[in-house]
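Peer 1: Provide a 3D model corresponding to the input given below.
(5 chains, ligands or ions: 5)
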Amino acid sequence: QSNEIRIAHIYSKTGPLEAYGKQTQTGFMMGLNYATGGTMTVNGKKLTVIEKDDQGKPDLGKSLLAAAYADDKAALAVGPTSSGVALAMLPVAEEYKKILLVEPAVADSITGDKWNKYIFRTGRNSSQDAISNAVALDKPGVSIATLAQDYAFGRDGVKAFKDAIKKAKIVHEEYLPQNTTDFTAGAQRLIDKLKDQPGRKVIWVVWAGAGNPFKIADLDLKRYGIEIATGGNILPAMASYKQFPGMEGATYYYFGIPKNPVNEALVAAHYKEFKTPPDFFTAGGFSAAMAVVTALKKTGGDTGTNKLISTMEGMSFDTPKGTMTFRKEDHQALQSMYHFKIKADPAFAWGVPELVHEIKASEMDIPVKNKR
Amino acid sequence: MLKRLLSNDLPRSRVLAVLLVALLIALAFAPFIFPGVKALSVAAKVLVFIVLVASFDLLLGYTGIVSFAHTMFFGIGAYGIAISATRLGPGWGAVLLGLGAALVVSLLLSLAIGLFSLRVRAIFFAMITLAVASAFQTLASQLSDFTGGEDGLTFKLPELISPSFEFAEEPFLGVSLDGRLLCYYLLFVAAVVLVLALLRIVNSPFGRVLQAIRENEFRAEAIGYRVVVYRTTASVLSALFATLAGAMLAIWLRYNGPDTSLSFEIMIDVLLIVVIGGMGTVYGAAIGAALFVVAQSYLQDLLRLGNEAVSGVSWLAALLSPDRWLLWLGVLFVLSVYYFPTGIVGRLRARAKR
Amino acid sequence: MTSPNLLTLEGVHTHIGAYHILHGVDLVVPKGQLTMLLGRNGAGKTTTLRTVMGLWHASQGRVRFGDKDITALHTPQIAGLGIAYVPENMGIFSDLTVKENMLLAARGAKNAEQMDEARLKWIFELFPAVQKFWSHPAGKLSGGQKQMLAVARAIVEPRELLIVDEPSKGLAPAIINNMIQAFDALKKSGVTVLLVEQNIHFAQRLGDSVAVMDNGRVVHSGSMAAFSADEELQRSLLGLAL
Amino acid sequence: MKTLDFDWKPLLLVPVLALVALPLTGSFSTWLTLTVAGLAMGMIIFIIASGLTLVFGLMDVLNFGHGVFIALGAFVASAVLGGMGDWTGSQEVWRNLVAVFPAMLVAMAVAGAIGLAFERFIVRPVYGQHLKQILITMGGMIIGEELIKVIWGPGQIPLPLPDGLRGSLLVGDAAISKYRLLAVAVGLVVFGVLAWTLARTKIGLLIRAGVQDREMVESLGYRIGRLFIGVFVVGSALAGLGGVMWGLFQQNLIPQMGAQVNVLIFIVIIIGGLGSTTGALIGALLVGLMTNYTGFLLPVATQFASIVLMVAVLLWRPQGVYPVASSR
Amino acid sequence: MLETRGLTVRFGGHVAVNDVSCSFAPGTLTAIVGPNGAGKTTYFNLISGQLKATAGTVSLDGRMLSGLSASARTRAGLGRAFQLTNLFPNLTVLENVRLAVQATQEGAHRRGLNLWSIWSDHRALTERADRILAEVALKAKEHATVASLPHGDQRKLEVALLMALEPKVFMFDEPTAGMNAAEAPVILDLIRALKKDRSKTILLVEHKMDVVRELADRIIVLHNGQLVADGEPAEVIASPVVQEAYLGVAKEPA
Ligand SMILES: Nc1ncnc2c1ncn2[C@@H]1O[C@H](COP(=O)(O)OP(=O)(O)OP(=O)(O)O)[C@@H](O)[C@H]1O
Ligand SMILES: Nc1ncnc2c1ncn2[C@@H]1O[C@H](COP(=O)(O)OP(=O)(O)OP(=O)(O)O)[C@@H](O)[C@H]1O
Ligand SMILES: CC(C)C[C@H](N)C(=O)O
Ligand SMILES: [Mg+2]
Ligand SMILES: [Mg+2]
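Peer 2: Ligands and ions are numbered 1, 2, ... in the order given. Have a look, this model is predicted:
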């Protein structure tokens, strides 16, 4: 067969998640480069990346993936950015019996009830996000209220978070429309629920995309001794963290945190090329690339789907976040998350998360949600 | 014969006639002329949009009602199929049931809206439909355990029209004879029938009364036509056709979600197509839809070439980058309003007159 | 030197879209006189007036106002020279009140208070309806009332030339009399008037000179006196005697 | 003017709505917080909608591109403020304010300038043709949004609020954020200037007359073309100003921010009655309050609140609270 | 027999038509005169249902029309030509008339709810339309779009539509306004023809007294919305109220 391996990367080149998609793409290319030592070949086979733009539209993503497998003869595909698109893509992978490596779409159901055996995911899922945060916040005597977007992404997160909370107590769940701009009402509800609670009071925020939930602080939460906590996010979004020195939470990635050669390589390469540090989804893309190359090396360049699957199940590989492992059951890559505390550093436009504690994969038990 | 099939509304322009025939042939043999999964899905999308746009033109071009709620009915059709297929599993029964239910819902909704339209002035009506449509979209994403919310619904359809089904071992003319092919021709037939039906409707006495109402509602009433009846009938009809278009879409994609069938974006595309094609001409809808959908689908590839061509000049490259394809779509919007005030069909017919 | 003619059209051709409407109109409107423009339906009267106002543009020929060539000017500039125009469809702003309609016509006035009292009074006498419905939406006026308002608007401020398209249509005889008085008074005050009219008595009582159009040309022009005298001419031009 | 036969009923809507909400919200301080926040929000909405009342309400141009001027204003402001870090960073409120004003001015200037081009190339060919207006301005919208992406990138960029304007003042138990007070001030100024000009000059009349019968207005000797340009530019500038206020309120900007508020501001001026400044203000305040109350009482319904409001108002007055034009 | 009883309409304070009771027999042409703003057109609007009466009733051949919509009244046999031209501007002259002809068809709501037949198949309608156009001397322009017609021709078409409706009651509102003295006769001949067949009720609002004198069997005078005179043309015209209020022989009021 030909001495070329085609990999389709389908992501939001345009559309609402364009910024995210771009990061993934950068990371993915850097990753391939690093993993192949700059040769872009595995066992003498050239790696060709075919990029496609799903514009954040599920229907489009679906037909693009089909086209990638059928017309472009891609051996496997990586992406997409949005969970909606990902979920629409899953059956296509099954139809064509080809692998889809999901990155960075987060919805649990991708490796949950919508899953099929052709699906792997290097990106973290909502549960990992939530549970890591739970681990970071779960202390006795803490009262927590959650603030999340009123759609799958938000509700998944809160649910997983709740399941993982053992010692602290959840006093209220607030869900606001995705496009909320004025947070006064929601904040007021949260305050009313929290203000009379004893001990430490925390509002845990899950929010992706536009809108700025941290405005709730304008209502002067301090007077009731209420703190805000949240997960990590892309750097521009973390600009608003700067107002909350000491804020705690757990993040998927921040370039300053992981200490390992791969991450150093990524950061160095990224500074070299863009004069800026790599961001949230850059790391994700990089990890995906590492996974692909590791797998192909193991199979000796054989792209037979079944061979790949059997190789990848249980496979461990290095990433900027240290070693990840695809667990057999649902092909979700288990990985470390980072418990951080925000420091306002004038040198940076954003609030700098400082490592409190690396939450090892072993410290979180991420439920297996697919029926297999 | 043909004349009657076209309800005696002939292209009235040789160029137009040629275009239409070409389009018909292209769509009829798309799977064989343009191989590949992408090409086929573009062709299918064209079919769906021809019906959708034509149905909208009945409302806009012929009756002069500006409504932004049209995609709502498109969505209802799509969700009808999606939901029933998800709940009842793959089977013709589910498809028909879903379709039926959707048609009923659309009927009631369009009746309500149609009657409301008489209470407020045109421009207010347009704005209200705009709001209602966006409300409906939010609703669709809110009722997630019913509609699958933001993520939408992925579902299976009867074996016969699913890609997995192969009714002949070896491919014919390099095209594998599978369910996808059958599905395409199902859409094709549906589209042809629906368009001819619309053509008949707009050329019936009913159609003429609609035009009269568009021109001068007051006088139409004064010479004895019950405007309410006609407007409402028109709204309902166009809603039903839109619903059918929606069902076609869902059947083809075997997926449906808010952005796929309810987004304002689609509404605007439809508006544009009507104008490019030529308002108040069903043929315009067909030509316009084909042009627009193809342009939209291949614009990015086109830009990729252009972008490589000018990769030297940084700012130009930035503008021509495939990621900025929307920019050029916008330009297309502006230009088509500039250069096709009466639409392609209008132009061609005017030329034919001289 | 200043010509005795305030308005002069020389060989004016006008196209509307694909249609060639005016085929070389020659017309003079002597200063200080009232010129009647007569002709069958579709002869081109309205088109001529619109061409003068720059609402259509002449494809050939000249239009001069005094010594100034206004062929290529834009409507506002032309109006700015001191020309008032009452279109065939009256051009009433139906959303606005009668007062607001008048106020817009009074270019000098910033608000109702600044309009010329005396002149308003005079207008109110001529066209009582204008006063009666001063703060009604103009759209609600009766056909004739609209017509009065249209003319009232044209004379709310002094203008050099008045161009009026069928002012008497739909007016009750009594009001027509007022209208005639109005134009008389205006003439006396030195205003020049170009009037399209179907109402023959009106035409005869007011006209100093007359021009008759047919098929986009002026086929006769001369003094009203001479024209009224010559029944033959009238029959041949208008199809009947005055 | 029409002070005598002035129609005061709509003015009551705002207090009525507030009073109805009082018992529902339970605690007074909560109600106060919500109400003040809602009113202030309403003011911000009014600012971003004010431009459209001129362009859509008076000139009858269905400008779907209005949002892009809002976005533009915000992004320009971010550039300006970025350049004056030491002022925005300072703790003294007055320095912050001084920093915000140039941002507003530049934003308005740029938005106005672009508006000029927009009028010339996008709007002028389609005066009086709603359908084409919708399409061509949508086109303009898309183009503008993409150009913003070309210049400032597709991603979200932060627009930090000057420190002095953060936080809130406490009235008893109720918190009133400082920035909203600024918004109210700016809103009132905009309202005052607009209302005064339209009442004391012929401009408002001329525009409405021009929309009905352009030829006649020109025959009366007015250069309606220039007037329309002028008004459109002002409208765009106001949108720019609105963008600054909106952006500072959000504290982060995305290129789509304009498109996101489009429907909202259309609703507002529809409620207002197409072209009435007072109407638009009432509409904005109502929407502001309504969203806050429902947000507190029944969060799920928030997204439908303003739409329900609009339909309700139109059922009461099919042409908005202060109908400006009767036909059309 | 068309009959109005105590017909009244109020706009705010202003009473445009004030308690007008009057009946119009078939075969007679009644001219309605009165100063501008007297209420003539409004009276028509009340009869043909364009306006809702504040008080009073309208009936035709004993059938109560009050409360019916304008279109229903048209179907009941009231035909109306408008004072300010009011047509379908972007349709052709022929289509305009044909729509009116179709509106006289019976059943399936004027055959207009017939979605399946083809418009151009209904030859009979087209032929009738053609005949009517010939009568008003517009046949030559039947394919022109209405917007491009000169004012006078639009007035003719206005009348043509009325003819096409074949009503029992013809209401003309200044049919010849703005029509040149050479053209007007075409319309006047039509009206004369209508008078000949004795079954039609004809109402004519007209300011041109010579026309009124010639055509009217009877004149009623409206003034400030009230019916102030009714009778033989000669005597009505002679009556002082008409002389002053209308013809303005003395200084006119209003
Ligand atoms: N917009 C138009 N498009 C095409 N033709 C037009 C248009 N307007 C006028 N015409 C044609 O121009 C000719 C002259 O029209 P015009 O209105 O000047 O006549 P007129 O003398 O004013 O008639 P009337 O006395 O009935 O007003 C007519 O034949 C008419 O059909
Ligand atoms: N919808 C309305 N609202 C308010 N006033 C109205 C309305 N319609 C008519 N009027 C008033 O009623 C009076 C009668 O108007 P109408 O049109 O009946 O007069 P008319 O007798 O037809 O006059 P003309 O001979 O000028 O046509 C006028 O003063 C007019 O201002
Ligand atoms: C963090 C984001 C990439 C999550 C994205 N909104 C999703 O739906 O998956
Ligand atoms: Mg004329
Ligand atoms: Mg009248």
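
Peer 1: Distance-wise, check D:Leu116 relative to B:Leu335.
Peer 2: Distance of D:Leu116 to B:Leu335, given as C-beta to C-beta, to the nearest Å: 20 Å. Backbone N, C-alpha and C define where each C-beta goes, glycine included.

Peer 1: what about residue 273, neighbour count?
Peer 2: All of this refers to chain A. 12 (other C-beta atoms under 10 Å in any protein chain shown).

Peer 1: Not quite, go with chain B.
Peer 2: B:Ile273: 28 surrounding residues under other C-beta under 10 Å.

Peer 1: so is it in a helix, a strand, or just coil?
Peer 2: Three-state assignment for B:Ile273 (DSSP: H, G, I helix; E, B strand; the rest coil): helix.

Peer 1: shouldn't it be in contact with B:Ala290?
Peer 2: No - the criterion here is C-beta atoms under 8 Å, and B:Ile273 misses it with B:Ala290 at 9.3 Å.

Peer 1: Now do the same contact list for B:Leu19.
Peer 2: Residues near B:Leu19 by C-beta atoms under 8 Å, 6 or more residues apart in numbering or on different chains: B:287, B:348.

Peer 1: Also A:Gln128?
Peer 2: With contact set as C-beta under 8 Å, 6+ apart, A:Gln128 has these partners: A:252, A:332, A:335, A:337, A:364, A:366.

Peer 1: For the residue lying farthest from the centre of chain D, report the pLDDT, please.
Peer 2: Residue farthest from the centre of chain D, counting by C-alpha atoms, centre = their mean, is D:Ser219 at 34.0 Å. Confidence at D:Ser219, expressed as pLDDT, is 95.

Peer 1: I'd like the distance between it and chain E.
Peer 2: Per C-beta to the nearest C-beta, to the nearest Å, D:Ser219 is found 17 Å from chain E.

Peer 1: Please enumerate the helices of chain C.
Peer 2: Along chain C, counting by DSSP state H, helices occupy C:45-52, C:75-80, C:98-105, C:117-126, C:128-132, C:143-155, C:173-188, C:200-206, C:224-229, C:231-238.

Peer 1: Apologies, that question was intended for chain E.
Peer 2: Per DSSP H, chain E carries helices over the ranges E:40-48, E:70-76, E:93-102, E:123-135, E:151-165, E:184-196, E:209-215, E:233-238, E:240-241.

Peer 1: what angle separates the fifth one from helix C:45-52?
Peer 2: Put simply, helix E:151-165 runs at 140 degrees to helix C:45-52, going by axes from the mean of the first three to the mean of the last three C-alpha atoms, to 10 degrees.

Peer 1: Can helix E:151-165 be said to contact chain D?
Peer 2: No - Helix E:151-165 lies apart from chain D when judged by C-beta under 8 Å from any C-beta of the partner chain; the minimum separation is 15.7 Å.

Peer 1: now that helix and helix E:93-102, what's the angle there?
Peer 2: For helix E:151-165 against helix E:93-102, the angle by the same axes, to 10 degrees is 30 degrees.

Peer 1: rewinding a little: for the helices of chain E, which has the smallest mean pLDDT value?
Peer 2: With a mean of 84, helix E:240-241 has the lowest mean pLDDT of the helices of chain E.

Peer 1: what does it contact?
Peer 2: For helix E:240-241, the surrounding residues in contact (C-beta under 8 Å, 6+ apart) are E:221, E:223, E:228-229.

Peer 1: Run through the bridge partners of the most centrally placed residue in chain C.
Peer 2: Per C-alpha atoms, centre = their mean, the C-alpha nearest to the average position across chain C is that of C:Val164, at 1.5 Å. With DSSP bridges as the criterion, C:Val164 is bridged to C:Val86, C:Leu195.

Peer 1: on that earlier part again, the residue farthest from the centre of chain D reaches C:Asn89, doesn't it?
Peer 2: No - counting by C-beta under 8 Å, D:Ser219 does not reach C:Asn89; the two are 11.7 Å apart.

Peer 1: Contacts only, for E:Ser21.
Peer 2: Counting by C-beta under 8 Å, 6+ apart, E:Ser21 makes contact with E:4-7, E:56, E:227.

Peer 1: how about 6 Å then?
Peer 2: For E:Ser21, the contacting residues are E:5-6, by C-beta atoms under 6 Å, 6 or more residues apart in numbering or on different chains.

Peer 1: how much space between it and E:Glu3?
Peer 2: Applying C-beta to C-beta, the value for E:Ser21 to E:Glu3 is 8 Å.

Peer 1: for E:Val58, same thing?
Peer 2: E:Val58 is 7 Å from E:Glu3, by C-beta to C-beta.

Peer 1: Which one's more surrounded, these two?
Peer 2: More crowded of E:Val58 and E:Glu3, by other C-beta under 10 Å: E:Val58, with 22 against 19.
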